[in-house]
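Colleague: Task: produce atomic coordinates for the following.
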Amino acid sequence: MNLVNIFVKAIFIENMIFAYFLGMCSYLAVSKTVKTAVGLGAAVIFVLGVTVPVNYLLENYVLKAGALAWMGASFAEVDLSFLSFILFIAVVAAIVQLVEMVVEKFAPALYGALGIFLPLIAVNCSILGGALFMQERQYSNIAEATSFALGSGVGWFLAIAAIAAIREKLRYSDVPAPLRGLGITFILTGLMGMAFMAFMGIKI
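Modeller: The predicted structure is shown next:
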């Protein structure tokens, strides 16, 4: 039940976009069509679902103080936590490179539509944010970290898919000229963020 709670909270209550505004650059740039938004959203789910558990293992068995005790008593006092940022980013970059190669091989049309924003997942702050939230919240096992990662990915996916669907409909709407494009998108994002705040009243 705890895994379900973590998963649902990560989607609705602690949504990466609407609660923390992480990953806004890709969210705004790739949400012009539903097809590209869904493609990028799926890639973010995969990258978060892989990198957060891997970084959890790194954190608990290599980086934090005493994590190397399994190598012997002489390593029990070693603290490599100062390497967290660089190793977390290295893991993210490696997984994103793998995703980019797979998408280019099996979905070249999607690869062309996503353009530069696919490799930019490596510097998407929601991906690194997932690893840092995992580190801060000190989940008790890898299942909880994975549940949080998948929930965060699904929440980001829902956010970008929803705004993309709305932006497609806006093409047929009479939006005032000064607000067309990013202006109305920012307003919609704020309204959706306020709507998601309603989930904070749910006790899970």
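
Colleague: In this protein, which helix is the longest?
Modeller: Counting residues, the longest helix in the chain under DSSP state H turns out to be helix 142-170.

Colleague: Buried residues in it, which are they?
Modeller: Using 16 or more other CB atoms under 10 Å as the test for burial, helix 142-170 gives 144-164, 166-167, 170. Glycine gets a C-beta too; all of them are placed from N, C-alpha and C.

Colleague: One more: stretch 85-101?
Modeller: Taking 16+ other CB under 10 Å as the neighbour-count basis, stretch 85-101 is seen to contain the buried residues 87-89, 91-93, 95-96, 99-100.

Colleague: Looking at those, which is nearest residue 28?
Modeller: Distance to residue 28, by CB to CB, is smallest for residue 96 among the buried residues of stretch 85-101, at 19.3 Å.

Colleague: what's the distance between residue 54 and residue 24?
Modeller: Here residue 54 is placed at a distance of 25 Å from residue 24 (CB to CB, to the nearest Å).

Colleague: Give me the residues contacting stretch 63-70.
Modeller: Stretch 63-70 has contacts (CB atoms under 8 Å, 6 or more residues apart in numbering) with 59-62, 75-81, 83-84, 87.

Colleague: Report the buried members of the residues you listed.
Modeller: 59-60, 62, 84, 87.

Colleague: would you turn the residues you listed into a markdown table with pLDDT, distance to residue 180 and secondary structure?
Modeller: A markdown table is the format used below for the buried ones among the contacts of stretch 63-70 (pLDDT from 0 to 100; distance: CB to CB, whole Å; DSSP: H, G, I helix; E, B strand; the rest coil):
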| residue | pLDDT | distance to residue 180 | secondary structure |
| --- | --- | --- | --- |
| 59 | 93 | 45 | helix |
| 60 | 92 | 49 | helix |
| 62 | 91 | 50 | helix |
| 84 | 92 | 42 | helix |
| 87 | 93 | 43 | helix |
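
Colleague: Out of the residues you listed, which two sit at the greatest distance?
Modeller: 60 and 87 (12.7 Å).

Colleague: Now do the strands in this protein.
Modeller: For the chain, applying DSSP state E gives no strands.

Colleague: so where is the chain shaky, pLDDT-wise?
Modeller: Applying pLDDT under 70 to the chain flags residues 1, 203-204.

Colleague: where do the helices sit along it?
Modeller: Going by DSSP H, the chain shows helices at 2-8, 24-29, 34-58, 84-106, 108-114, 125-137, 142-170, 182-196.

Colleague: In JSON lines, list the ones you listed along with distance to residue 68.
Modeller: Listed next are the helices of the chain as JSON lines, based on distance: least, CB to CB, whole Å:
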{"stretch": "helix 2-8", "distance to residue 68": "28"}
{"stretch": "helix 24-29", "distance to residue 68": "36"}
{"stretch": "helix 34-58", "distance to residue 68": "12"}
{"stretch": "helix 84-106", "distance to residue 68": "14"}
{"stretch": "helix 108-114", "distance to residue 68": "39"}
{"stretch": "helix 125-137", "distance to residue 68": "17"}
{"stretch": "helix 142-170", "distance to residue 68": "18"}
{"stretch": "helix 182-196", "distance to residue 68": "41"}
